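Peer 1: need coordinates for the following:
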Amino acid sequence: MPTITADHLHALLASSDRGAALVVVEGRAAVVPADPGRGDGPEEALMITTREAVIAELDTGANEERIEALAQRLDVALQSLGG
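Peer 2: Below is the predicted model:
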């Protein structure tokens, strides 16, 4: 079962916080605010990507196929780190 899914990227893109990030904490992916002082998560989260980076990666082609492919690439990269 993948840690990072298209649902996580949809949540990241839907965030009203322009600086939001997708992180992994204790094996679970979560969208967190840009300002860690506002979040409730532990400080030892592994940052996977930011909302801004996902928007730049998808550019004008933010269709479901591209979002799925990006989620798979991010998950493979995380797994290669042992995540």
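Peer 1: what lies in contact with the lengthiest helix in the chain?
Peer 2: The longest helix of the chain (DSSP state H) is helix 64-80. Residues outside helix 64-80 that contact it (CB atoms under 8 Å, 6 or more residues apart in numbering) are 2-6, 8-10, 22, 24, 46, 48-49, 54, 57-58. The way it works is simple: take the backbone N, C-alpha and C, and place the C-beta from them, glycine included.
Peer 1: and what of stretch 20-35?
Peer 2: Defining contact as CB under 8 Å, 6+ apart, one finds that stretch 20-35 is touched by 3-5, 8-9, 11-12, 15, 17-19, 39, 41-42, 44-51, 54, 74, 78, 83.
Peer 1: in CSV, list the C-alpha atoms belonging to it.
Peer 2: Output of stretch 20-35 as CSV, limited to C-alpha atoms (Å, rounded to 0.1, in the frame of the first residue of the first chain):
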residue,chain,number,x,y,z
ALA,A,20,1.4,24.1,2.7
ALA,A,21,3.6,21.0,2.5
LEU,A,22,3.1,17.3,2.2
VAL,A,23,5.1,15.5,4.9
VAL,A,24,5.5,12.0,6.3
VAL,A,25,5.4,11.5,10.0
GLU,A,26,5.6,8.0,11.6
GLY,A,27,4.9,6.4,8.2
ARG,A,28,1.8,8.5,7.4
ALA,A,29,1.5,11.3,4.9
ALA,A,30,-0.2,14.6,5.9
VAL,A,31,-0.7,18.1,4.6
VAL,A,32,0.7,20.7,7.1
PRO,A,33,0.7,24.5,7.1
ALA,A,34,3.7,26.5,6.0
ASP,A,35,4.3,27.8,9.5
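Peer 1: pLDDT on it, on average?
Peer 2: On average, the pLDDT along stretch 20-35 is 90.
Peer 1: can you pull the buried residues of it?
Peer 2: Ala20, Ala21, Leu22, Val23, Val24, Ala29, Ala30, Val31, Val32, Pro33 (16 or more other CB atoms under 10 Å).
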